[in-house]
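Chemist: got a structure for you, letters missing:
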């Protein structure tokens, strides 16, 4: 998976692309550790270019959610498409995260 940090003040966050799997744990852990430094009360995860997630990815997103809550922030999952969107909906992520197209 590739992770690119957004430099926009109005839309802070990260764009994720490719396959999000257990192998991305270390990279994603760095993203989680940067949540506290986001100046906004929300952090966007842009996912339109993400084409696969496994169960480990779902767990890592839950860790990110827990970390965000510690700092009073919300995570917005943006642009989930296709199979990724189906998996998130089956896992009831729409009840846990803010989701936007």
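Modeler: Arrived safely, thanks for sending. For clarity, every value in this text was computed on a predicted model and none was experimentally measured.
Chemist: Is the most centrally placed residue in the chain in a helix, a strand, or coil?
Modeler: Centre of the chain computed as the mean C-alpha position; nearest residue by C-alpha atoms, centre = their mean is residue 45, 4.2 Å away. Judged by DSSP: H, G, I helix; E, B strand; the rest coil, the three-state class of residue 45 is strand.
Chemist: Spatially nearest residue to residue 71, not counting backbone neighbours?
Modeler: Nearest in space to residue 71, with sequence neighbours left out and distances taken as C-beta to C-beta, 6 or more residues apart in numbering, is residue 36 at 5.0 Å. Using the backbone N, CA and C atoms, a C-beta is placed for each residue, glycine as well.
Chemist: okay, now the one you found: neighbour count?
Modeler: Counted with other C-beta atoms under 10 Å, residues neighbouring residue 36 total 11.
Chemist: check contacts around it.
Modeler: Residue 36 is in contact with 67, 70, 71, counting by C-beta atoms under 8 Å, 6 or more residues apart in numbering.
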